[in-house]
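In: requesting a structural model of the entry that follows:
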Amino acid sequence: MEEYNLPVGPQHPALKEPESFRFKVEGEIVTEIDVRLGYSHRGIEKACESRTYVQCLYLIERICGICSHSHTSAFAQGVETILGLEVPRRAKYIRAIVGELERVHSHMLWLGVAGHQVGFDSLLMYAWRDREVVQDALELISGNRVNYAMNTIGGVRRDVTKEQAEGILRVLGALRERLEFYSDVVRSEATLLARLNNVGRLSKEDALRHCTVGPVARASGVDVDLRRDDPYGAYAEIPFRVITSDRCDLMGRVIVKLQEIAESVNIIEYALTNLPEGPVSVRSPRRVKEGYVVSRYEAPRGEDLHFIVSDGSDHPARVKVRAPTLANIPAIVETMKGSYIADIPIIIAGIDPCFSCTDRAIVIDDGADEHKMTWEELRRYGVRWYRERT
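Out: Residues are numbered from 1 along each chain as shown. All right, here's what the predicted structure looks like:
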């Protein structure tokens, strides 16, 4: 059978962000895939080098609209480690509460997107409707529904009152009942069974070989979760289960995320009912002593890494972010082999990708003279580059 090349992206209805996938297909079967990253450049890492650590939080939060609290938590924890700051227990619990609310709303968003990708838009409408109450809870705490601006170096910026806690607990009770409905739908609805069962298979061995993270890894039987394996914040004090599945397909990823939502509800309820008394932040020095740190955080999509270098000034010398999507990209290549063309959108969506989190701009100069661009030079270069092409 003759082999054809099938380009998908960088602009394509199946992709919510620009990225390029090039498939080799024989008939309806995918035989090879080439993933080409690098279509979304924002320069956040570089911009951090010319801003104070507190100002960096504003930028770091905008790496991803869905995982905004995850990124600021990873960054703040890293800076606090270099400083040797002990964050108050109440602040740690509040970070966990916001983080788990974010996990719930991220998984609910993905559940709706997954339904949309397989042509089951009723699931999209239901999931996003119920996701609204979670975003309302986040707005109740922070005043914002997307970027919550809760974290600061040394703790959190806002406390959680008794009235707010009671309101969130009421919301969680209603959401728990809805989760039973979603579990029944996923396990019985004909469209989902046909489009998810045995599709996008990723064995446990392949998941380990490709260093897959988060729900994608756990849905392939890999029992890994930073909240338990390398606990940070309040997670060493909060009881919870790590959800895994040995299905190794898209259905397994849906089931894992649904059960993780239920487990996040348990974590939030425990944290709210056992919220310690005391301050929510400690004073942080403006300048950070020389040092470097790798800060890890279990974001909704998986392990989020922040590498921070301090030169003793009031702004970082280097900030490097490895978002979980980058770690899961090799899984797309593995799960796509032998799949049908019609399954391409849902398999890509299966890792819950965020390409804006992932893409970086890198300039390689092989010449003898080495030149490091300043932020202003990089901005002018970008303006000039686009003017010449329009």
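In: which stretches of the stretch 51-200 of the chain form helices?
Out: Here the stretch 51-200 of the chain has its helices, by DSSP state H, counting those that start in this stretch, at 53-60, 68-83, 89-117, 121-142, 162-188, 190-196.
In: of all those helices, which lies closest to L272?
Out: When the helices of the stretch 51-200 of the chain are compared for distance to L272 using C-beta to C-beta, the nearest one is helix 162-188, at 4.6 Å. Quick note: C-beta positions are derived from backbone N, CA and C, even for glycine.
In: now the closest one and helix 89-117, what's the angle there?
Out: 30 degrees (axes from the mean of the first three to the mean of the last three C-alpha atoms, to 10 degrees).
In: so what secondary structure elements neighbour helix 162-188?
Out: Using 3 or more C-beta pairs under 8 Å, 6 or more residues apart in numbering; DSSP states H and E, the elements in contact with helix 162-188 are helix 89-117, helix 121-142, helix 190-196, helix 250-273.
In: quick check, pLDDT for A331.
Out: Per-residue pLDDT puts A331 at 87.
In: isn't it up against S203?
Out: No - the pair A331 and S203 does not pass the contact test of C-beta atoms under 8 Å, sitting 10.7 Å apart.
In: the more surrounded of the two?
Out: Under the neighbour definition other C-beta atoms under 10 Å, A331 and S203 were set side by side, and A331 has more, 23 against 14.
In: secondary structure element holding the more buried one?
Out: helix 324-336 (DSSP states H and E).
In: pull out the buried positions in that helix.
Out: For helix 324-336, a neighbour-count test (16 or more other C-beta atoms under 10 Å) marks 324-332, 334-336 as buried.
In: do the same with stretch 78-93
Out: By neighbour count on 16+ other C-beta under 10 Å, the buried set for stretch 78-93 is 78-83, 85, 87-93.
In: of these, closest to D159?
Out: Proximity of the buried residues of stretch 78-93 to D159 (C-beta to C-beta) peaks at R90, which lies at 7.6 Å.
In: wait, doesn't that closest one sit right on N274?
Out: No - judged on C-beta under 8 Å, R90 makes no contact with N274 at a distance of 10.7 Å.
In: just to revisit the earlier point, ok, and which of the helices and strands packed on helix 162-188 has the densest surroundings?
Out: Compared across the helices and strands packed on helix 162-188, helix 89-117 shows the largest average neighbour count, a mean of 24 (mean count of other C-beta atoms under 10 Å).
In: ok, L109 - contacts?
Out: Applying C-beta atoms under 8 Å, 6 or more residues apart in numbering to L109 gives the contacts 66, 127-128, 131.
In: report the two of these separated the most.
Out: I66 and A127 (14.0 Å).
In: which parts of the stretch 201-350 of the chain are helices?
Out: Going by DSSP H, counting those that start in this stretch, the stretch 201-350 of the chain shows helices at 204-209, 214-218, 226-229, 250-273, 324-336, 344-350.
In: need these in a markdown table (columns: distance to F21).
Out: A markdown table is the format used below for those (distance: least, C-beta to C-beta, whole Å):
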| stretch | distance to F21 |
| --- | --- |
| helix 204-209 | 19 |
| helix 214-218 | 17 |
| helix 226-229 | 29 |
| helix 250-273 | 17 |
| helix 324-336 | 8 |
| helix 344-350 | 7 |
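In: and V30, which of these is closest to it?
Out: Closest among the helices of the stretch 201-350 of the chain, using C-beta to C-beta: helix 324-336, at 5.2 Å.
In: ok now that closest one, how far from the chain's centre?
Out: 14 Å (C-alpha atoms, centre = their mean, to the nearest Å).
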